[in-house]
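next come a sequence and a model predicted from it.
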Amino acid sequence: METALDTGQRLFHASSYEAVGLAALTDALGVKPPSFYKAFGSKSEFFEQVIERYAQAALALDEILLPGRAPVDALAELLESAARTYARDPQRRGCLVLEAARGPDGDDSVIHARRMANQRRDRIREFVARTHPERASAVTDFMDSTMSGLSASAREGMDESRLLDVARTAVAGLKAQLDAN
């Protein structure tokens, strides 16, 4: 199962949900379509499993957004982690979740991706609200926009050092927002 999910993640990340046809998917997995459907239900359900697994592992929110940690420190680490992760593999640039969420409304893959992105946003908002409830929404929007920009820039080929510069520059904006009390 893990190998199949790894393969699916690689394919979807490199090309996109729409660009990966069932034939390419089953060929890469080494199975026939009936076996694929039996194991995963549908391409959409398979993608949902892939994207949930990716979202859990990609940025390790549980390890970064620790209770009691200063929000600016945690969010700075999150931005730097995103910059590194989004540029690490030339075949998997950007964030699978954020890039998939950019698709057309109503598409199953987009619905799954937006649900994962919203869960991440909720986690950030809850984390910030513990110490800065009045700034939680604005900081969350700032983080979301910055991470989306980092992902898009990585997809366009920006290297890790430039992405890290952007992330570190964004930290000044975070500090200004969190010190605005």
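The structure has been received and is ready for your questions. Bear in mind that the values here come from a model prediction, so they are computed numbers and not experimental data.

switch to C-alpha atoms for all contacts and neighbour counts from now on
Noted.

now the helices for the protein?
2-15, 22-29, 33-40, 43-58, 61-64, 71-88, 96-101, 108-129, 136-155, 160-178 (DSSP state H).

residues making contact with the fourth one?
Helix 43-58 is contacted by residues 5-6, 8-9, 17, 22, 37, 40, 85, 96-97, 108-109, 112-113, 116 when judged by CA atoms under 8 Å, 6 or more residues apart in numbering.

got the angle for it vs helix 2-15?
Calculated by axes from the mean of the first three to the mean of the last three CA atoms, to 10 degrees, helix 43-58 forms an angle of 90 degrees with helix 2-15.

avg pLDDT for helix 43-58?
For helix 43-58, mean pLDDT rounds to 89.

assess the claim that residue 28 and residue 6 are in contact.
No: applying CA atoms under 8 Å as the test, residue 28 and residue 6 come out as separate, 10.8 Å apart.

state the pLDDT value of the residue located most distally from the centre of the chain.
No residue in the chain sits farther from the centre than residue 34, which is 30.5 Å out by CA atoms, centre = their mean. At residue 34, the pLDDT value in this model is 93.

next one: residue 2
Reading off the model, residue 2 has pLDDT 86.

where does the protein have low pLDDT?
Judged by pLDDT under 70, the chain has its weakly predicted residues at 180-181.

please redo it, this time with the cut-off set to 80
58-59, 180-181 (pLDDT under 80).

roughly how far apart are residue 20 and residue 9?
11 Å (CA to CA, to the nearest Å).

the more surrounded of those two?
Neighbour count, other CA atoms under 10 Å: between residue 20 and residue 9, residue 9 has more, with 23 against 16.

could you measure from the more buried one over to residue 66?
Counting by CA to CA, the gap from residue 9 to residue 66 is 28 Å.

residue 117 too?
According to CA to CA, residue 117 stands 19 Å off from residue 66.

now residue 30
Distance from residue 30 to residue 66, by CA to CA: 41 Å.
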